[in-house]
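> sequence and predicted structure are below.
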Amino acid sequence: MNNKPEPDFDRLTRRTLFRKSESETIPGAGRSAAEEPLKHTKVKATLNFDGDVMDYFKKKARKEGRSYQMLINDALREHIRGNNVELLAKMIGERILTDSSFYERLKEQLKIKGD
């Protein structure tokens, strides 16, 4: 009798236990591949990376229980969307523009500093 768990179960368990947040899901889950066909199409490619780059992604993949290919794909997708600083600045800017109380608080702070 083999006591080793099934590999798919291990992968599913790791994803469930070690996901960063409840909002993190399997890419494309709940969306039809017909809606975003390119996002669901994997393309085989041969790429050459520096050793330290591969080492970084492989170590991180072991810690997170994911494949290093998925981590590299996520990093590239994040780069395409814009880096975190740009996204954070955009989100803060949108929040400030829609928060009417922000302007009142700013006006009060400027009065205090101006005195």
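Received the coordinates, thanks.
> just the mean pLDDT for stretch 91-100, thanks.
Across stretch 91-100, pLDDT averages out at 84.
> check stretch 103-115 too.
When pLDDT is averaged along stretch 103-115, the result is 79.
> and what of stretch 49-59?
Looking at stretch 49-59 alone, the average pLDDT works out to 95.
> in that stretch, what's buried?
By neighbour count on 16 or more other CB atoms under 10 Å, the buried set for stretch 49-59 is 56-57. No exception for glycine: its C-beta is placed from N, CA and C like everyone else's.
> and for stretch 59-68?
For stretch 59-68, the neighbour count (16+ other CB under 10 Å) marks 61, 64, 66, 68 as buried.
> quick one, phi/psi of R66?
The phi and psi torsions at R66 (degrees, to the nearest 10) take the values phi -130, psi 170.
> ok, which pair from the buried residues of stretch 59-68 is furthest apart?
E64 and Y68 (9.8 Å; CB to CB).
> still on that earlier bit, so which of the buried residues of stretch 59-68 is the closest to I92?
For I92, the nearest member of the buried residues of stretch 59-68 is E64. The distance, counting by CB to CB, is 27.7 Å.
> pLDDT score for that closest one?
In this prediction, E64 carries a pLDDT score of 93.
> now swap in the one 10 residues further on and tell me
According to the model's per-residue confidence, D74 sits at a pLDDT of 89.
> equivalent analysis for T16, please.
At T16, the model reports a pLDDT of 64.
> now L88
The model reports L88 with a pLDDT of 77.
> please apply the same query to T13.
The score at T13 is 64. That number is its pLDDT.
> mind checking which of the buried residues of stretch 59-68 are in helices?
Using DSSP state H, the members of the buried residues of stretch 59-68 that fall in helices are 61, 64, 68.
> check which helix or strand V43 maps to.
No secondary structure element spans V43, as it lies outside all helices and strands (assigned by DSSP states H and E).
> count the neighbours of it for me.
Other residues near V43 come to 5 when the count uses other CB atoms under 10 Å.
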